[in-house]
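[1] Show me the folded form of this:
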Amino acid sequence: MAEKKSVQEKKFETRFKRRGKRRCRICGTSKGLIRKYGMNICRRCFREKAEELGFKKYS
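    Below you'll find the predicted structure:
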């Protein structure tokens, strides 16, 4: 039983290794992240920096 428990514990530890790695380059939040084109910035920072990055607002 002890061996089975240790295997299950190892499984649980490795399951969440990647959690929380993706963050905004500017403000550090992990919510609303735009990863397209390798930008890795949140939507709020994108709205502020979009024109500097070369994006145009059409409407």
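[2] How about the contacts made by C24?
    Residues in contact with C24 (Cβ atoms under 8 Å, 6 or more residues apart in numbering) are 30, 33, 40-42, 45. From N, CA and C alone the C-beta is placed, and that goes for glycine too.
[3] Would you format those residues as TSV with distance to K56 and neighbour count included?
    Compiled in TSV, the contacts of C24 are given as follows (distance: Cβ to Cβ, whole Å; neighbours: other Cβ atoms under 10 Å):
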residue	distance to K56	neighbour count
S30	28	12
L33	22	18
N40	21	14
I41	17	22
C42	20	20
C45	18	19
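[4] Out of these, which sit inside strands?
    The strands, defined by DSSP state E, take in 33, 41-42 from the contacts of C24.
[5] Export the residues you listed as JSON lines, with columns for distance to G54 and pLDDT.
    Formatted as JSON lines, the ones in strands among the contacts of C24 follow (distance: Cβ to Cβ, whole Å; pLDDT from 0 to 100):
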{"residue": "L33", "distance to G54": "19", "pLDDT": "94"}
{"residue": "I41", "distance to G54": "14", "pLDDT": "94"}
{"residue": "C42", "distance to G54": "18", "pLDDT": "95"}
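[6] quick check, nearest of those to A50?
    Taking Cβ to Cβ as the measure, I41 is the one of these closest to A50, at 9.6 Å.
[7] For beta bridges, what are the partners of the closest one?
    In this entry, I41 is beta-bridged to I34, by DSSP bridges.
[8] isn't it right up against R47?
    No. Using Cβ atoms under 8 Å, I41 is not in contact with R47; the gap is 9.9 Å.
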